[in-house]
Every structure is written in structure tokens, then in C-alpha cells.
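[1] compute the structure for the input listed below.
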Amino acid sequence: MADAVSHKGKIVAVDNGSVSVEIVSESACASCHAAGLCGMSESVKKIVEVPDRGFGDYHVGDEVEVCLARKAGMKAVLLSYALPALILLILILSLPKIGFGELATGGLSILGVALYYLVLYFLRDRLAEGYEFYIKKR
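    Numbering: from 1, shown residues only. Here you go, the predicted model:
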């Protein structure tokens, strides 16, 4: 499965045309034997809606893997982390050169990144078309 990113999960609901899968995202140190002592580990439960294409017989409680093409995963990382960091860096380095003070540079830089995320929010339906999740039984 080198061409896909996958997460283990459990089916929590099966509706007409979609399957809801609960996955648990854990921090890198969640598997550490001392994770309970240091309090740094965290895990977050997420519900992912996966379209059911009628290729499987899914039931609530089934253990499955939610998969996404690796290329789509890299696109998501680029849109959500790399581009905002680049925007922030460009604004922080360029605004003082054109005469803005430190406070204005900081505020406008944060505003620029917030504006970028607002645009992503409004384009979320259009962007979601490029990401296709699928599930496999384990």
C-alpha cells in the first residue's frame, strides 16, 4: 500500500451512499511506554465520511482501513501547511522593507494567513472533489 495513506478505523454508521468511519489520530509519542506519565501524548477521534460505491458489505463495528492516494495527501499538506508558511514568511520579510513597523508587520502577516485560510474555507467543496477516500476491510 505504498501508493496510499491509510488509517485504521471502525465503522460507526452506514447510510445510503456513505459510510462513517471513526479513526483515532495519535501523536508520535502515543505509542511510547511512558506516554501516560509525561502527559505529552494525545489522541483525537475523527469521523470520516467515505462514499460507499456498493463494492462491499459494511456493518457498524467492522474494522476497516480508510485510504487516500498519497498524491492527494501531499496536495493536502501543501495547501494546509506549506503555502500558509510561505505566505507568512514572504509577508514578514517584505513588509518591513516597504516601511511597515514590527507591530503592523506581525498583524498584517497573521491577517494574510487568516485570509488564505478563509479563501480555502470558501473553496472547500471545490477542493474536496479532488480527494477520494476509499475503505478496505481488514
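[2] identify the residues contacting K137.
    G56, Y58, D62, E63, V64 (CB atoms under 8 Å, 6 or more residues apart in numbering). Yep, even glycine has a C-beta here, placed from its N, CA and C like the rest.
[3] could you dump those residues to CSV with secondary structure, pLDDT and distance to I110?
    CSV is the format used below for these (DSSP: H, G, I helix; E, B strand; the rest coil; pLDDT from 0 to 100; distance: CB to CB, whole Å):
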residue, secondary structure, pLDDT, distance to I110
G56, coil, 68, 45
Y58, coil, 82, 43
D62, coil, 86, 44
E63, strand, 88, 42
V64, strand, 88, 40
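[4] where does pLDDT dip in the protein?
    Within the chain, the ranges that satisfy pLDDT under 70 run 1-2, 26-42, 54-56.
[5] which among the contacts of K137 count as buried?
    Y58, D62, V64 (16 or more other CB atoms under 10 Å).
[6] got a list of contacts for stretch 106-119?
    Contacts of stretch 106-119 (CB under 8 Å, 6+ apart): L83, P84, I87, L88, L91, I92, L95, F100.
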